[in-house]
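Novice: sequence first, then the predicted structure:
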Amino acid sequence: MELLKTIGVGAVGCLVIGWLLVSFLAPSRGRTLLEWLSASALYVALLCLFASLLLRAWQAQNWLALVAFGLLALIFVGGLAVSVVMTVREGKPGGGKAAQIDATH
């Protein structure tokens, strides 16, 4: 549980710093990469939250909460996968010109 908390707090910190930097940067490939990195940090923070809730539901043997938090965790795993793929695509040389998609639009 402490590991999840540490990772989650670190991800929230990265998210806040990333989105503050994005707010002040002019549109560029670097800004788009930072947007996708921040979106990935958001999904990591959400996954840590729901993993913690899943562990608590498992310990309490609350099956309804287990199913609900499990489904939400699966949805956020999908979001994390998409944002990581887009981050890698944006980070490749020439990748930003082909994609023209950023995390905020």
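Specialist: In hand now; what should we look at? Quick caveat: nothing in here was measured; it's all calculated off a predicted structure.

Novice: what residue is smack in the middle of the chain?
Specialist: Centroid-nearest residue in the chain, with Cα atoms, centre = their mean: Tyr43, separated by 2.2 Å.

Novice: look up how far Pro93 lies from that one.
Specialist: Going from Tyr43 to Pro93 by Cβ to Cβ, to the nearest Å gives 25 Å. The way it works is simple: take the backbone N, C-alpha and C, and place the C-beta from them, glycine included.

Novice: ramachandran angles for the most far-flung residue of the chain relative to its centre?
Specialist: Most distant from the centre of the chain: Gln61, at 27.9 Å, with distances by Cα atoms, centre = their mean. Here is the backbone geometry of Gln61 (degrees, to the nearest 10): phi 50, psi 40.

Novice: please shift the residue numbers so they start at 24 in all later answers.
Specialist: Sure, I'll start counting at 24 from here, so that last one is Gln84.

Novice: now do the longest helix anywhere in the chain: which elements does it pack against?
Specialist: When the chain is parsed with DSSP state H, its longest helix is helix 52-83. Helices and strands touching helix 52-83, by 3 or more Cβ pairs under 8 Å, 6 or more residues apart in numbering; DSSP states H and E, are helix 25-47, helix 86-114, helix 118-122.
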